[in-house]
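> could you look at this predicted model? Sequence included:
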Amino acid sequence: MVNFDDTKTAFATKTDSQLKKAYWLFKLVANQKLVSFGKWSSALAMKIGLPIKGMVKATVYDQFVGGETIKDCRDTIEELHKYQVYSILDYSVEGAKTEDAFDDTMEKTLQTIKYGGARAGVPFAVFKMTGVARFGLLQKVSEGKELTEAEKKEFARAKDRIETICKEAGEQHISILIDAEESWIQQAIDDIALEMMRKLNKEECIVYNTAQMYRWDRLEYIKHLHEIAEKENFYCGLKLVRGAYMEKERERAYEMGYKSPIQPDKESTDRDYDLAINYILENHKYLYLVAGSHNEESTRMLTNLMFAHGLEKGSKQVWFSQLYGMSDNLSFVLAKEGYNVVKYLPFGPIEKTLPYLIRRAEENTSASGQTTRELNLIEKEMKRRGID
């Protein structure tokens, strides 16, 4: 039985001062009113140019982000790797709208792939398609609408960027994760991801698409992908998460009068997440898994299923994934036990990673059980060390 209460292992990389800082940070993000005010005030301050970068960097940025550049992340990557915890370099800049910005994001992603290809501690890279393609264009493609000639050329350029990224991952022999996004652009993302899998996943699993299991249609999507992969004889990489856009999805569905793509309750999401894990392991001849979760029950269930299906702890077909700065009790304990563990390690300029940081704060506020768990574990370790 994996012991996720082993705080000595969980916080092995944290100094006493870092542990105390994390404690107070999670105390702050547990306060919903404070987080709501911080979201509004920080966005406004950045917009009008107030000097708040220092405050952001000293709090949520240092907790959840590796640094402004790949070079800044190097020490963190090496420190994690000492404990057999791997890293996914994630250029967490959002909201790009111009061709120059899309090209820049592609270049930054290619840099992460090349960095990972040259080092043992970075087996994955990741990108969002909205980082290299216009949101409205992906929406129009997803809706099956006819593109203008200019849009056809724009879409071709976007697909070229995506294929360049995926092919570079293949050449470097690392895997590339394609993040899931809003449901009204996801069809285009799914279609392009499948196209890349068909091209690059014949001999090894290079391309992974992401399924947000708070959507009630994703279990069927996974089964459909498996059917295609088995029929056409290629590997299908799947990253499973519960999801990140729930409130936005429900509000849009209500305002526009269509059926919400979101599960009716958390229990349904948890059920489908666990069913998907079970399905993937039952069909591991063609399906590879990155399990993105901070849920201890699902994580423990996956370790048991690996044993039941004859998969070694270190099988490259299964990776456990958590966000940097969260759930270290899962990451470090699993790694110590011999499982494959990878941390999402975002990087980017402070002002451009602000949307990512706000989401982390909001998620910790809404997931009160998770925040309480983080605080309890930190308190336990502080008591073990004799920290006041």
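Cool, got the structure.
> distance check, residue 246 against residue 111.
32 Å (Cβ to Cβ, to the nearest Å). For every residue, glycine as well, the C-beta is placed using N, CA and C.
> give me the more crowded residue out of the two.
residue 246 (19 against 16; other Cβ atoms under 10 Å).
> which residues touch the more buried one?
By Cβ atoms under 8 Å, 6 or more residues apart in numbering, the residues touching residue 246 are 214, 262.
> what pLDDT does residue 185 get?
Note for residue 185: predicted pLDDT of 98.
> neighbours of it, how many?
By other Cβ under 10 Å, the residues close to residue 185 number 23.
> likewise the one 10 residues further on?
The burial metric for residue 195, expressed as a neighbour count using other Cβ under 10 Å, is 15.
> with residue 74 instead?
Here the count is done by other Cβ under 10 Å, and residue 74 has 15 residues near it.
> SS state for it?
Of the three states, residue 74 takes helix according to DSSP: H, G, I helix; E, B strand; the rest coil.
> how near is it to residue 137?
Separation of residue 74 from residue 137 (Cβ to Cβ): 35 Å.
> show me where the protein has strands.
Along the chain, counting by DSSP state E, strands occupy 85-91, 124-127, 175-178, 207-212, 236-241, 287-292, 318-323, 341-347.
> need the residues that contact the lengthiest helix in the chain.
In the chain, with assignment by DSSP state H, the single longest helix is helix 149-172. Here helix 149-172 makes contact (Cβ under 8 Å, 6+ apart) with 99, 102-103, 106, 109-110, 113-114, 116-117, 125, 127, 129, 132-134, 137, 140-141, 147, 175-176, 192, 196, 199-200, 206-207.
> now do the contacts for the closest residue to residue 84 other than its chain neighbours.
Once flanking residues are discounted, residue 84 sits nearest to residue 335: 4.3 Å by Cβ to Cβ, 6 or more residues apart in numbering. Shown in contact with residue 335 (Cβ under 8 Å, 6+ apart): 83-85, 341.
> now for those, which sits with the most neighbours around it?
residue 85 (25 neighbours).
> tell me who's in contact with it.
Contacts of residue 85 by Cβ under 8 Å, 6+ apart are 331-332, 335, 341-343.
> tell me the confidence at it?
97.
> name the helix or strand of the protein that has the lowest mean pLDDT.
helix 32-48 (a mean of 50; mean pLDDT, DSSP states H and E).
> domain ranges for the chain?
1-65+358-387, 66-347 (the TED database).
> quick one, helices of the stretch 151-300 of the chain?
For the stretch 151-300 of the chain, the helices defined by DSSP state H, counting those that start in this stretch occupy 183-200, 218-232, 246-256, 266-282, 296-308.
> ok, which of the ones you listed comes nearest residue 376?
Residue 376 lies closest to helix 296-308 among the helices of the stretch 151-300 of the chain, at 12.3 Å (Cβ to Cβ).
> may I have that closest one as PDB, with CA atoms only?
The C-alpha trace of helix 296-308 is given here as PDB (Å, rounded to 0.1, in the frame of the first residue of the first chain):
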ATOM      1  CA  GLU A 296      -5.400  10.200  -3.900                       C
ATOM      2  CA  GLU A 297      -8.100   7.600  -4.400                       C
ATOM      3  CA  SER A 298      -7.800   7.600  -8.200                       C
ATOM      4  CA  THR A 299      -4.000   7.500  -7.900                       C
ATOM      5  CA  ARG A 300      -4.000   4.600  -5.500                       C
ATOM      6  CA  MET A 301      -6.500   2.800  -7.800                       C
ATOM      7  CA  LEU A 302      -4.200   3.200 -10.700                       C
ATOM      8  CA  THR A 303      -1.300   1.600  -8.900                       C
ATOM      9  CA  ASN A 304      -3.500  -1.300  -8.100                       C
ATOM     10  CA  LEU A 305      -4.700  -1.600 -11.700                       C
ATOM     11  CA  MET A 306      -1.200  -1.600 -13.000                       C
ATOM     12  CA  PHE A 307      -0.400  -4.600 -10.800                       C
ATOM     13  CA  ALA A 308      -3.700  -6.300 -11.800                       C
END
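> ok so, going back, farthest-separated two in the contacts of residue 335?
By the measure Cβ to Cβ, 83 and 341 form the most distant pair in the contacts of residue 335, at 9.0 Å.
> all good on my end, thank you.
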